[in-house]
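*Asks:* below are the sequence and a predicted model for it; my questions follow.
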Amino acid sequence: MKRMAVFLATLVIGLTLAIAGRAVEPVAVTPEQAAFFENNVRPVLAEQCFRCHSQEAKKKGKLKGGLYLDSLAGMLKGGDSGPAIVPAKPDDSLLVKGIRYTDNELEMPPKQKLSADDIATLTEWVAMGAPWPDFDPEAVAASEDEEPYDWEKFRTSHWAFRPVSKSAAPKVKDPSWPKGAIDHYVLAGLEARGIKPNAPATKRHLIRRAYLDLIGLTPSTDQVQSFLQDDRADAFARVIDELLASPHYGERWGRYWLDVARYSDGFGGFGDGAALPNAWRFRDWVVQALNADLPYNEFVTAQIAGDLLEEKADPVGTGFFAVGPTYKGDGGDAEATAQARAETLSDRVDTFSRAFLGLTVACARCHDHKFDPITAKDYYAIAGIFNNSKLRVHPLVSKAEVEAYNQAQAEIKTKDQAVKEWENHRKEVAMREGMRQVEDHLVTLFRFYRQRLQPEGQKDLAAYASQHKCDTEYMKRWDQKLRDARFKGKFKELDIWYDLKPAADKTKATEAQIVESARAFKTRIEGILNPLEEKEKVWREARANGDLKKGRPKPEKQGEALLKELRQHIYPVNLDRILADSGRAEWDRMKAEREALKKNAPARFAEAHGIGESGSGDMHVALRGDLRKKGELAPRRFLQIIAGEEAPVFKKGSGRMELAQAVIDPANPLTSRVMVNRIWQGHFGAALVRTPSNFGSLGEKPDLPKLLDYLAARFIEHGWSMKKLHREIMLSATWQMSSAFDQEKFNRDGDNRSIWRMNPRKLDVESWRDNLLGVTGELDETLGGAPAKEILGSTRRTLYASISRNGDRFQSDDFLRLFDFPDPRATSPQRSVSTVPQQYLFMMNSPFMQARAKALAAQLSKLENNEQRVRSAYERLYARVVEPAELSAGLAFLGEAPDKQWPAYAQVLLSAHEFMQIQ
Amino acid sequence: MKFLEHELAYRRATALSRREALHRMGAGIGSIGLASMFNHPVAAASSANPLAPKQPHFAPKAKRIIQLFMPGGPSQVDTFDYKPLLKKHAGERPSIVNRKTLRNTKMGLMPSPFEFNRYGQCGKMVSNIFPETAQCVDDICFVHSMHTDIPEHAGGILMTNVGALQPNRPSMGAWLTYGLGAECDDLPGFVAMSPRAKPRGTLANWGNAFLPGAHAGTYVNIEKMKPDAIMRDLKNTSLSRAEQRKQAELLTQINQLHLERLEQDQQLEAGIQAMEMAFQMQFSVPDVFDVSKESEATRKLYGDTEFAKGCLIARRLIEKGVRVVQLSHSISGYDIAWDTGHGNIVDGHAELARACDQGIAALIKDLKNRGLLEDTLILWGGEFGRAPTSEGAKGRDHDHYGYTMFMAGGGVKPGFSYGATDEFGCSAVENRVHVHDLHATVLHLMGLDHEKLTYRYSGRDYRLTDVHGHVVHDVIA
């Protein structure tokens, strides 16, 4: 931290000069002015302004707008909107503008305008040049906290910003140990510290390590045996080449990149809950890119701007941004919406900058970066690019196929509409027919009630209705609704029905009243239907003559409301019930045509979530991160620390292609360093820079800087080939060292920063689960495709699990996170390794483990006796020969009832630490 | 009984009590301190138990916390913030109420439909929908001047539980176990519970975000709860306890042999201890969630609502050393229970209060009787309050300008009311307390400086209170 303090001190001096150049020379304060200030000005300020704009307010947490009005320094420096005063220029001073209440946006104090006298006093004081007794110009500088950096100093003093420089491989005392350049750098470091490198790993450890390292699967017993018997000098190189050619390589190493890409199938929390059903296309794209050894510079370009490639556009890679969280507000509150947008952009900038550059640019969202040379303007220059790149679902087929699909869907829609229109017309005709019979229905219903009172009367409404040629369905509904008090008033002519007591002997209403009311009701209905049908006739004729502009005529509002009630409650029609044969044939034909269209339509084409161009506007710096408070314009461009103070402004569309080019520019010192460091971490479990996504001042420094630069330069020389890099690393004596513990070396370098041994590693959850299935012969090795919803119920590789961003959508989310799967809400540079009891609950009790144990026991049961079975299990699981103590412990456990005990024993072997370890 | 003797013998043989084991696992962190962890992320990611007890920044007033979370926004003027002037000015719309609320309702002031009475020595006025809690006012510290940033549920709830409007920050409970660890080795450090619905935002309310996974709260739905299915894979369905013991011993033996070969391996050592803890958890976890083990008198004290069952479990959990319990209210499966206030305060609030009142009071009394209240902090409240004006005829809109929360025990002033809203209960005007201030205060009571409890992530040090928050010293006894 001392280094930082010195650096900050330099900054402060630098900015003092800058301010001195900008600020107006303070006027010497005369005694008269001092008196004026103390008697007239300060009291107004204290009474009206200090509540929100003073050191005191700051202490109470009530400071507003970052503005201090309790010192001249504070006024000159100003707050979020800029300096509060320009001495001698009241009309240019925000303070004066504010108290004048001329600008709606800026009215101060907000609750109550100052008195005319007070306004005059403050205006006059500014006009005088703002004389403030005891003003200390230094204080302005001291209170300043955001000022330009000393760019050159950063570029020369911070290791990550210096150009990559490949030095000659250092000389070593023991020339027999190194197998290649890497070993020279490592051994030179070890020799300087007086530590000897560990002996080479045994062949058994080596082959298991290589398999787990490159493809995430343990070698079979046969593969181990053939390697043990292969005495050729290049035996191990052959294994590496074989593994690099395996499609499982991409599955293993692609997953590392998916951590960086915070890959999930969507399903975040309340604000980002959308599903991403095609996210897996991006996952498969990554796997295939690695298997094809797509050069890293092209891999990067495709993810930032694959949709914009001129030669061969490939938009799937841009899923890199689309698989992250896209936040929404909840309920339309403006502040929440702005926050959600800001948070989404922050995700894009954060993921972009940490993944590709190892820089934490998102830290500069609210203010210039406190430690790294990244300004808030840099942040909004990059954010602006993503602000012009909206989520897009990209079709993965030709335009013609998309069009064919859309056309077929349009035809289905048209046909569907025609069917519905036909159905609705038929229904409407039938309903109106029923409505016009309303008088009959009502009178018949009343007569039914009446006759029912007689001992010999018909008790069944349906029978009575059909006897009297009334539709039984309509009658039943009238019977219901006219007894349901909730309907009273809906059909105003019929209100008398609700006073009827049809079940009792005495009915108050006479038949005459009922007939009269029914007729009145019918008259009203006809009064609606008749003019309506006249208008409809005219409308139909006009339509037949080609006038399609006019909509279907409607009755007036009350009439429409009545028809709606009748349609809904009394006269709804089931076409199936009423259609006569001719109508039915027509109906069936139309429906069949619709089905045929659906059947013959092409299936939904493949598509992928990505981003696409949506504009080319620049953003403003958002003051304190609040998008609604605009600061200066931030034209889209690359980071100044890399591209220079005159970084060219991006002009093509969103600027993504130019951004990609800036990232992969070989002169960019970060891109290749960051990636070779990630690859090193994949091979050793610890990176050379142990904060792989933060190469800034707060990140760690490289343990072996010359080795890092050698690798970064080689990476570019070899055309950014990841496979060549894997090969070079794995063929080094460094990678092939044993992981054995050594107390003395451990005491000197317990963290293994000088790399005196291979780090013993715990498998990640993917490899561990894959191998639990692998050693029991159950693993489904199918590559790619849609994810398996519940991975614990599947035998596919763990890579193919559905992953929800919130971790609560799938049961397997719990399982993955229990074993340190990273939270896919943000880019993850490395896995944590935790050991918690719940992991052992899983191993002891989960149906998944018990099923694997049974499968392993069943596999082994083919062998003749328990001893052979135990021996075979050790070969299969740990690629080694069982030791006597282990054998006897196993046999003792199996004891008298081995058949019963085998699953429990197999479960122990599968749960053992050695199984989840790379030695 | 044979397996028990066997088990005891086994444990004597391994000569490691669980607590010792815990300390041993935690030694990596305890001995080098939090600060140096930050400089060595790899060390932090090593095998040390992240839940081992840690030293607070200073002597804590509260050692554990029970949060009674009321999602949906309980109305302050109908519960604990008595505003008699509402009656006098009913229907009027003084300019003071013209603030932007969620739905920008334009109706006049609506007096509370509930009676308020005076309770306790402190003479606190409490609404008659909280008759039992009212009996405890002399143990309660009310904060009437709460305010927060937005009047939307999801954002407000997250602000209350994670200190930010988006779900990408660690929850308060996760921060607390990160800062303090837990005092039990066979239970999770942070348990979140609710009957019926999870509060809106679900997992984020007890999530760990970027903190290590061990700090995530373990969620339990107490409506459907079966004690032996509280956690995944808690119960072994194929082996007897004795058989399982034998199996566990074999695994330990095999791991020990491997450890001897390796000479030294931190992760493996931690694994051996974790295995033993896991074995114990199978029995201790169902036990702590089983309220039938309580006396008749205790169960009667709490009553039979689901929320009260949650309160009783909360007490059982903190007795065993669980650091943080978050119990959210819900009666109908609605994820923002108290939001029934929009349409009808009378029915909605009365029913919700009835469902939690006795449980709250019982928890306070029970903790007090057991001497636990003094170092257990109870925190009650929602994500915001409701406007004193009406929405429709009988409801109230969201209001984030002023609302009430209360605390009890854990070093806060008993029988005390802090801060105030204006005369109608609209906005906090006196001694305003933002949610960030509340968080700072809770951390302070638990012995943590909210400015020092940081986690380095994505290039900067994060805090529960972000760049805000002031400890409200005036509520501390």
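*Replies:* Alright, I've got the coordinates. Numbers count the residues shown, from 1 in each chain, chains lettered A, B, ... in the order given.
*Asks:* ok, now how distant is whichever residue of the stretch 201-350 of chain B sits closest to chain A from B:T252?
*Replies:* Among all residues of the stretch 201-350 of chain B, B:A278 sits closest to chain A, at 3.5 Å; criterion: Cβ to the nearest Cβ. No exception for glycine: its C-beta is placed from N, CA and C like everyone else's. In this structure, B:A278 and B:T252 are 11 Å apart, going by Cβ to Cβ, to the nearest Å.
*Asks:* which of those two has more neighbours?
*Replies:* Per other Cβ atoms under 10 Å in any protein chain shown, whichever of B:A278 and B:T252 has more neighbours is B:A278, with 23 against 19.
*Asks:* now do the helix or strand harbouring that one: which elements does it pack against?
*Replies:* If you go by DSSP states H and E, B:A278 is part of helix B:266-288. Applying 3 or more Cβ pairs under 8 Å, 6 or more residues apart in numbering or on different chains; DSSP states H and E, we find helix B:266-288 packed against helix A:837-845, helix B:18-39, helix B:241-262, helix B:306-319.
*Asks:* looking at those, which has the lowest confidence?
*Replies:* Note on those: helix B:18-39 shows the lowest mean pLDDT, a mean of 32.
*Asks:* got the contact list for the closest residue to A:F815 other than its chain neighbours?
*Replies:* Among residues not flanking A:F815 along the chain, A:L792 sits closest, at 5.7 Å (Cβ to Cβ, 6 or more residues apart in numbering or on different chains). A:L792 is in contact with A:811-812, A:815, A:846-848, counting by Cβ atoms under 8 Å, 6 or more residues apart in numbering or on different chains.
*Asks:* in PyMOL, select just the buried ones from the residues you listed.
*Replies:* Only the buried entries of those go into this PyMOL selection, using 16 or more other Cβ atoms under 10 Å in any protein chain shown:
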select buried, chain A and resi 812+815+846+848
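*Asks:* out of the contacts of A:L792, who's nearest B:I272?
*Replies:* A:S846 (19.6 Å; Cβ to Cβ).
*Asks:* not counting residues beside it along the chain, what's closest to the closest one?
*Replies:* Nearest non-adjacent residue to A:S846 (Cβ to Cβ, 6+ apart): B:D233, at 4.5 Å.
*Asks:* any stretches of the chain with poor pLDDT?
*Replies:* Here I'm looking at chain A. Within chain A, the stretches with pLDDT under 70 are A:1-28, A:134-148, A:330-332, A:501-509.
*Asks:* oops, chain B please
*Replies:* Flagging of chain B using pLDDT under 70 yields the residue ranges B:1-49, B:458-459.
*Asks:* what is the helix ranked longest in it packed up against?
*Replies:* What stands out as the longest helix in chain B, according to DSSP state H, is helix B:345-369. Here helix B:345-369 touches strand B:64-69, helix B:131-134, helix B:296-302, helix B:306-319, strand B:376-381, strand B:403-409, going by 3+ Cβ pairs under 8 Å, 6+ apart.
*Asks:* any idea which of the ones you listed is most buried?
*Replies:* Compared across the helices and strands packed on helix B:345-369, strand B:403-409 shows the largest average neighbour count, a mean of 27 (mean count of other Cβ atoms under 10 Å in any protein chain shown).
*Asks:* tally of neighbours for the residue in chain A positioned nearest to chain B?
*Replies:* Among the residues of chain A, A:T360 lies nearest to chain B; the distance is 2.5 Å by Cβ to the nearest Cβ. Neighbour count of A:T360, defined by other Cβ under 10 Å: 27.
*Asks:* what about B:Y302, distance to B:A337?
*Replies:* Taking Cβ to Cβ, one finds B:Y302 at 19 Å from B:A337.
*Asks:* actually A:E728, not the one I wrote
*Replies:* Separation of A:E728 from B:A337 (Cβ to Cβ) stands at 61 Å.
*Asks:* of the two, who's got more company?
*Replies:* The neighbour comparison of A:E728 against B:A337 (other Cβ under 10 Å) goes to B:A337, with 31 against 18.
*Asks:* wait, that one sits on B:M70?
*Replies:* Yes: using Cβ atoms under 8 Å, B:A337 makes contact with B:M70 at a distance of 7.2 Å.
*Asks:* which SS class is A:H569?
*Replies:* At A:H569, secondary structure determined by DSSP: H, G, I helix; E, B strand; the rest coil is helix.
*Asks:* give me the nearest residue to it, chain neighbours excluded.
*Replies:* The shortest distance from A:H569 to any non-neighbouring residue, by Cβ to Cβ, 6+ apart, is to A:K481 (5.7 Å).
*Asks:* repeat for A:G358
*Replies:* Excluding the flanking residues, the one nearest A:G358 by Cβ to Cβ, 6+ apart is A:F695, at 3.6 Å.
*Asks:* also B:A408?
*Replies:* Take B:A408 and drop its neighbours on the chain: the residue closest to it by Cβ to Cβ, 6+ apart is B:I378, 4.3 Å away.
*Asks:* that older thread, for A:A73, which of the helices and strands packed on helix B:345-369 is the nearest?
*Replies:* So among the helices and strands packed on helix B:345-369, strand B:403-409 is nearest, using Cβ to Cβ, at 38.3 Å.
*Asks:* the closest one pairs with which strands?
*Replies:* Applying DSSP bridges to the sheet, strand B:403-409 is found paired with strand B:140-147 (antiparallel), strand B:376-381 (antiparallel).
*Asks:* picking that back up, give the contact list for the residue of chain A closest to chain B.
*Replies:* Contacts for A:T360 (Cβ under 8 Å, 6+ apart) come out as A:350, A:353-354, A:369, A:372, A:374, A:693-694, A:696, A:698, B:458-460.
*Asks:* in helices, which of those fall?
*Replies:* Per DSSP H, the subset of those in helices is A:D350.
*Asks:* from the contacts of A:T360, pick the one nearest B:H57.
*Replies:* Closest approach to B:H57 among the contacts of A:T360 (Cβ to Cβ): B:R460, at 20.3 Å.
*Asks:* so the closest one makes contact with A:A364?
*Replies:* No: counting by Cβ under 8 Å, B:R460 sits too far from A:A364 to count as a contact (10.1 Å).
*Asks:* these two: which is more packed in?
*Replies:* Shown here are B:R460 and A:A364; by other Cβ under 10 Å, A:A364 has more neighbours (28 against 17).
*Asks:* so which helix or strand takes in A:E433?
*Replies:* helix A:399-436.
*Asks:* ok so, going back, how many neighbours does the residue nearest to A:G358 have?
*Replies:* Other residues near A:F695 come to 27 when the count uses other Cβ under 10 Å.
*Asks:* repeat that for B:G343.
*Replies:* Around B:G343 there are 14 residues (other Cβ under 10 Å).
*Asks:* got the domain ranges for chain A?
*Replies:* When chain A is parsed with automatic domain parsing, its domains come out as A:2-147, A:437-593, A:847-918.
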